[in-house]
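**Student:** Pasted the sequence and its predicted model underneath.
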Amino acid sequence: MIALEKNAKYVLAIEDYETRESTLLSFKNGAVIKLKHKDGLDDGWLFGMYEGQTGSFPNEYVSPIMGAPTESAIEQAKRSARRKQLSQTNLSTEPVRAAGSIDRPGPSFRMKKGRDLTISGQGKTTRAASPRGSPTTERLRQDSAELMTGKYSMMEFAKENFRDAHNKYEMQRKADGSIRGTLKIVGTIRATFGKSMRQRKESWSWSPLAELVKFTKSPIQASLLPMPPPLNKLALECFIAVMRFMGDYMMKGKNLTDLVYFILKTMRQHEDLRNEIYCQLIKQTTNNKSTRPDSCARGWRLLSICCAYIRCSDLFRPYLEKYVKIAARDPQREFHATAAICLQNLNKTFKIGGRKNPPSQIEVQAVAAGRFTKRQMFYLPGDMTQVLKVKTSSTARDVVRDICGKMGLTTDEEVDEYGLFADLGKESLPIPIDPTDYIMDFTNTLEKQELEFWLYFKKIIWYRPITLDNALLIDVLYHQAKPDFMRANMIVLKDNEFTPAIQSEVAMLGALVHRAGGGRTMPNTVDAESLIPPSLANRSTPQMWVKLIQEHFDSVRDVSPVEARGHFVDFIQQWPLYGSRFFPVKTVSDQRVRGDTLLAINKQGVHLLKTATREMLTSYPFSEIVSTRRLKAQSGRQYLDLKCGNLMVHRVTRLETLYGRDISLLITLYVECQLKERQRQEEAAGVVRVDAIDI
């Protein structure tokens, strides 16, 4: 619309705008419409009167008339409209393609009476872009036929499930403009049921059905699927919300986030409406002829959001999947990338249940603009960082697999040993993130609460042998093991005896720590203080520590820092407590345990150690642990019960600890690893497990 529209009192229709929506104004090409003032009109919308009727309409359908609607003024408006259309045509015919791509029209399916139905919302049909009979055209024609007439086509679903005689319904509104419901015109019911079955079959055609599965520029008058009145009303409101998100209907004070929340809330609360809303989205992205340039793109983006949250029914699933796959599998289609995201989101939703928390306003705005990823910082041991592009459907497992891939770990068994944690600071304990948790859900929840947080990637369990052939893997293992070394957690002093052999090993590791940190000069007394565990420093004189570290440093001076870190990890792997997670315990109910206690969990089981010497007090193999239970007393003290033995005979050991959640989770992970390992061994040996036999 040109700038003169603000001063114009009349406009000329340059295209038909026909709608059954009572709040919108219908008119034919060439109609002269008188503009009227109306408060609250959205940008791009006008309000006027034509043939005694008033209503709103998009400004793309009209051209302003200067002054009174005289014959000359109308001709001038027509010429202005033609110039504008010619300019837009010249712009649209400019070849826009990515490097190495080819121009390709949206595939179309020839309907009766010359109608073309462009599939998957891939823009308007262009006949001249490819010569008839070319391989490209033939393949697209086959795709088109497959979508519209093959198995699991929307036409097939509409024929079997859509409401009959949809054009015989009329939406009813209240005085304030809100939707009241739908009224079926009685006269047409008589006309329909007054016919014989033979007459009805002879009069049936695909044309009305085709109209139901392709784009409409005005709101539907009744739900696409048969619905009781309350759900029908919600279906109509959802369709208008879809149109608003796509830019094809006035927002009336709504924003994009409001619309997405309403649609997702409706789909979550009313299972019967899920198929309906998916059908509406498919309809509005099929043969989309909206005058809004980004209408179809926004429809696909809204579909991607719904696919990330809500499952459709098993009945409709193959139809939805086919619609998305047709667009996703062809890189030359206009919305191929968004369709691929829809398919990925849908598969993830059916696999693990879909996202739980509504998207943030920032996420909705980003998706509406075509941005489907978010740059998220993840912290690795040793203050290393990885910035990853997190997708709408990315789970913690996806992130872990991505980082593991950079460490050369690709199998499920290898990935299982790593996980994500959230650190909220303020002396709170790290929160383990479940592998099936969606990253966007997790971070949106924390951001909504205005909490500062850091996401950490760590190795959780040590179960399988490690091959040190990747620099990032070595760095992660080194930086995660180094704090336990500096706390002397893995160093066992039998009978509290600090032998020369142990001292030599500690000094050697100290030399490796110095080189791993980039040190090239001989370590001195000041350096030594940061190279050995503080709890062991008084076991010898500073001069002796420096002497021993320097002797070992001579042998590692020429290795690179990465090699030094690798030698460090390789050496400590021989220690019995390597790969253990350590937790402080205040009290233990087991009579065999006295004094300060440290709990260690590794692949051998749960161990209670003397805090001072790391000597073993007692152990609980995983095979003996029946269950765990966390308790909290009224005083605020927290406990963890370990039930050991079997279901018939067992004993309970109660631990007072703040880390009950982490201990319980770790036990579960190790037990699962043992069960999977046993199952693999049995399958390799050809053993068939029989859980129950009917006799």
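**Tutor:** Right, received. Where do you want to start? This structure is a prediction, so every number in the text was calculated from the model and none was measured.
**Student:** in the one helix or strand A507 maps to, what counts as buried?
**Tutor:** Here A507 sits within helix 500-516, counting by DSSP states H and E. Within helix 500-516, the residues that count as buried by 16 or more other CB atoms under 10 Å are 502-503, 505-516. Placement of C-beta: from N, CA and C, glycine included.
**Student:** Show me what it is packed against.
**Tutor:** Helices and strands touching helix 500-516, by 3 or more CB pairs under 8 Å, 6 or more residues apart in numbering; DSSP states H and E, are helix 471-486, helix 542-556, helix 561-572.
**Student:** so what secondary structure elements neighbour the longest one?
**Tutor:** To tie it back to what came earlier, the one meant is helix 471-486. Counting by 3+ CB pairs under 8 Å, 6+ apart, helix 471-486 packs on strand 373-380, strand 384-391, strand 454-459, helix 500-516, helix 561-572.
**Student:** got it, and the second one?
**Tutor:** Packing partners of helix 542-556 (3+ CB pairs under 8 Å, 6+ apart): helix 500-516, helix 525-528.
**Student:** Confidence-wise, which helix or strand of the protein is lowest on average?
**Tutor:** Least confident element among the helices and strands of the chain, by mean pLDDT, DSSP states H and E: strand 108-110 (a mean of 35).
**Student:** any weak-confidence spans in the stretch 51-200 of the chain?
**Tutor:** 87-150, 165-167, 169-200 (pLDDT under 70).
**Student:** redo that, cut-off 50
**Tutor:** Applying pLDDT under 50 to the stretch 51-200 of the chain picks out residues 91-144, 186-195, 197, 200.
**Student:** The chain too?
**Tutor:** Where the chain drops to pLDDT under 50, the residues are 1-4, 91-144, 186-195, 197, 200-201, 203-204, 691-695.
**Student:** Pull out the buried residues from the lengthiest helix in it.
**Tutor:** Ranked by residue count and defined by DSSP state H, the top helix of the chain is helix 660-685. For helix 660-685, a neighbour-count test (16+ other CB under 10 Å) marks 660-667, 669-670, 673 as buried.
**Student:** possible to save the residues you listed as JSON lines with distance to K38?
**Tutor:** What follows is these, written out as JSON lines (distance: CB to CB, whole Å):
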{"residue": "G660", "distance to K38": "63"}
{"residue": "R661", "distance to K38": "59"}
{"residue": "D662", "distance to K38": "61"}
{"residue": "I663", "distance to K38": "66"}
{"residue": "S664", "distance to K38": "63"}
{"residue": "L665", "distance to K38": "60"}
{"residue": "L666", "distance to K38": "65"}
{"residue": "I667", "distance to K38": "67"}
{"residue": "L669", "distance to K38": "63"}
{"residue": "Y670", "distance to K38": "68"}
{"residue": "C673", "distance to K38": "67"}
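**Student:** and the two most separated of those residues?
**Tutor:** G660 and C673 (20.7 Å; CB to CB).
**Student:** For F583, which of the helices and strands packed on helix 500-516 is the nearest?
**Tutor:** Of these, the one closest to F583 (CB to CB) turns out to be helix 471-486, at 12.0 Å.
**Student:** Need the contact partners of the closest one.
**Tutor:** 380-384, 406-409, 457-459, 466, 468, 490-491, 509, 513, 516, 533-534, 562, 565-566, 568-569, 572, 578, 580, 582 (CB atoms under 8 Å, 6 or more residues apart in numbering).
**Student:** ok now do the spatially closest residue to N496 that is not a sequence neighbour, which residues does it touch?
**Tutor:** In space, and not counting its chain neighbours, N496 is closest to T613: 5.1 Å by CB to CB, 6 or more residues apart in numbering. Going by CB under 8 Å, 6+ apart, T613 touches 492-496.
**Student:** Just the buried ones among these, please.
**Tutor:** Applying 16+ other CB under 10 Å to the contacts of T613 flags 492-493 as buried.
**Student:** mind listing which of the contacts of T613 are in helices?
**Tutor:** Assigned to helices by DSSP H, none of the contacts of T613 qualify.
**Student:** roughly how far apart are L665 and T628?
**Tutor:** Between L665 and T628 the distance is 9 Å, computed by CB to CB, to the nearest Å.
**Student:** Could you do E417 as well?
**Tutor:** Distance of E417 to T628, given as CB to CB: 20 Å.
**Student:** same deal with E321?
**Tutor:** 41 Å.
**Student:** R539 too?
**Tutor:** R539 is 37 Å from T628, by CB to CB.
**Student:** more neighbours, the two?
**Tutor:** T628 (18 against 15; other CB atoms under 10 Å).
**Student:** Contacts only, for that one.
**Tutor:** 640-643, 660, 663-664, 667.
**Student:** ok, how many other residues are close to the closest residue to G247 other than its chain neighbours?
**Tutor:** Excluding its sequence neighbours, the residue lying closest to G247 (CB to CB, 6+ apart) is R292, at 4.2 Å. By other CB under 10 Å, 16 other residues sit near R292.
**Student:** which SSE is R292 in?
**Tutor:** Counting by DSSP H and E, R292 is found in no helix or strand.
**Student:** so who does it touch?
**Tutor:** Here R292 is in contact with 44, 58, 60, 246-248 (criterion: CB under 8 Å, 6+ apart).
**Student:** Give me the buried entries from those.
**Tutor:** 58, 60, 246-248.
**Student:** want to throw these into a markdown table with distance to T23?
**Tutor:** Formatted as a markdown table, these follow (distance: CB to CB, whole Å):
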| residue | distance to T23 |
| --- | --- |
| P58 | 13 |
| E60 | 18 |
| M246 | 17 |
| G247 | 17 |
| D248 | 14 |
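**Student:** correct me, but T587 touches E656?
**Tutor:** Yes. Using CB atoms under 8 Å, T587 is in contact with E656, at 4.3 Å.
**Student:** who's more crowded, these two?
**Tutor:** Taking other CB under 10 Å, T587 and E656 do not tie; E656 has more neighbours (17 against 12).
**Student:** Just list the residues touching that one, thanks.
**Tutor:** Contacts for E656 (CB under 8 Å, 6+ apart) come out as 585-588, 637-639.
**Student:** try 7 Å this time
**Tutor:** By CB atoms under 7 Å, 6 or more residues apart in numbering, the residues touching E656 are 585-587, 637, 639.
**Student:** Would you check which pair of the residues you listed lies furthest apart?
**Tutor:** Farthest pair in the contacts of E656, by CB to CB: V585 and R637, 12.4 Å.
**Student:** Comparing those two, which residue is more hemmed in?
**Tutor:** A direct count of neighbours by other CB under 10 Å for V585 and R637 places V585 higher, at 20 against 13.
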